[in-house]
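J.: only geometry, no sequence info:
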């Protein structure tokens, strides 16, 4: 995944990878949903907000 240009990164692949390897990182309180907050972070981090 690290070799892909940012526009080709997949949020669903990222979330699946985090769930498999770092699931404790997804244990936080939110007013929406964890996956929504993580997707917002992912889009901000990799400049993919234009996809929304």
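T.: Okay, I see it. None of the values given here were measured: they were computed from a predicted structure. Residues are numbered from 1 along each chain as shown.

J.: gap between residue 18 and residue 12?
T.: To residue 12, residue 18 is 11 Å away according to Cβ to Cβ, to the nearest Å. For the C-beta atoms, the positions are set from N, CA and C on the backbone; glycine is no exception.

J.: neighbour-wise, which of the two wins?
T.: The neighbour comparison of residue 18 against residue 12 (other Cβ atoms under 10 Å) goes to residue 18, with 15 against 9.

J.: now name the helix or strand holding that one.
T.: Taking DSSP states H and E as the criterion, the element that holds residue 18 is helix 11-21.

J.: quick one: residues in contact with that helix.
T.: 1, 25, 26, 35, 38, 39, 42, 43, 48 (Cβ atoms under 8 Å, 6 or more residues apart in numbering).

J.: so what touches the following helix or strand past that helix?
T.: Moving toward the C-terminus from helix 11-21, the next helix or strand (DSSP H and E) is helix 34-45. Helix 34-45 is contacted from outside by 9, 11, 14, 15, 18, 26, 28, 30, 48, 49, 51, 52, using Cβ under 8 Å, 6+ apart.

J.: got a pLDDT number for residue 49?
T.: You'll see residue 49 listed with a pLDDT of 81.
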